[in-house]
Structure formats: C-alpha cells, structure tokens
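Enquirer: Sequence plus the predicted model coming up.
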Amino acid sequence: MSTIVRMAACVAAITIGSGCASQQQMLASKQTMAMQTAASRGQFEMNCPQATPVLLSQEMTQPALQAPIAMGIERGEYTIGVEGCGQRKTYVVICPEGGESCFAADSGSVGQALEQR
C-alpha cells in the first residue's frame, strides 16, 4: 500500500512541476511580443521613437471564470516600463495563452477608475 501512495505522490509532484515549467515556457515564449507591444504603445503615446521597454515583472494569471461548462483563458501578464525622451510610462501587457497577439493597458488606468467611484 505504501508503494502505491509513494507512486501517487511522485505522479502528483511531476504533474505540478510540469505545470510550472509549461507556465514558464509560455511566459518566455510571449515575452518578446509583450515587450514589443509595450514599446509600440509607449513610442506612440510619448511621441518618442527611441523609447525602449524594460521588463519589470511577469506572471501567469488564472481565468476569472472557472466552471465545468465554461473555462476562461490563462494569460501571461507582464509589467513593462517604457522610457525615452525624458519620459517614463508603465504598461500592463496581457498575452492570452494560444493567442497571436498581446494587449497593452496603461497601468494607471485601473487606479484612476477606482478613484472616480
């Protein structure tokens, strides 16, 4: 019986470990696209073609909707600073798993929406 328990624990550990590895692989595979998305938005908003992106953080976010019938999409969330022409902006870039593009949101817009309430 203890052999079965040990085998089940090993399988669970491998499954959990492979989930983390695949999340890290997804984050790494989308990082270049996320950086370019933030750079493009920053260059436009700051009117500064020389603006460059800097990765501040990255993480996988779980879908808001998790039900047996309908599942949301896991996504990579990157916080990226863009600096150039004496200006700095921070963007939160969302890249859905399996998607072909990313979306850059101004990180201050969430706080501003809450302040207006």
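Expert: Ah, there it is.
Enquirer: which stretches of this structure have low pLDDT?
Expert: For the chain, applying pLDDT under 70 flags the ranges 1-21, 65-67, 70, 108-117.
Enquirer: The residue most central in space within it sits in which helix or strand?
Expert: For the chain, residue 77 is the residue whose C-alpha lies nearest the centre (CA atoms, centre = their mean; 1.6 Å). Secondary structure assigned from DSSP states H and E places residue 77 in strand 75-84.
Enquirer: ok, residues contacting that strand?
Expert: By CB atoms under 8 Å, 6 or more residues apart in numbering, the surrounding residues in contact with strand 75-84 are 26-27, 30-31, 34-35, 38-39, 41-43, 46, 48, 50-61, 63, 88-97, 99, 102, 104, 107. C-betas here are computed from N, CA, C, even on glycine.
Enquirer: Show me what the residue nearest to the centre of the chain bridges to in the sheet.
Expert: In this entry, residue 77 is beta-bridged to residue 59, residue 94, by DSSP bridges.
Enquirer: Let me know the distance separating it from residue 90.
Expert: Distance of residue 77 to residue 90, given as CB to CB, to the nearest Å: 13 Å.
Enquirer: circling back: buried subset of the contacts of strand 75-84?
Expert: Among these, those scoring as buried are 26-27, 30-31, 34-35, 38-39, 41-43, 46, 48, 51, 53, 58, 60, 89-96, 102, 104, 107 (criterion: 16 or more other CB atoms under 10 Å).
Enquirer: Now do the strands in this structure.
Expert: In the chain, the strands defined using DSSP state E lie at 52-61, 75-84, 87-96, 103-106.
Enquirer: ok, and for the last one, which residues are buried?
Expert: Which is strand 103-106. For strand 103-106, the neighbour count (16+ other CB under 10 Å) marks residue 104 as buried.
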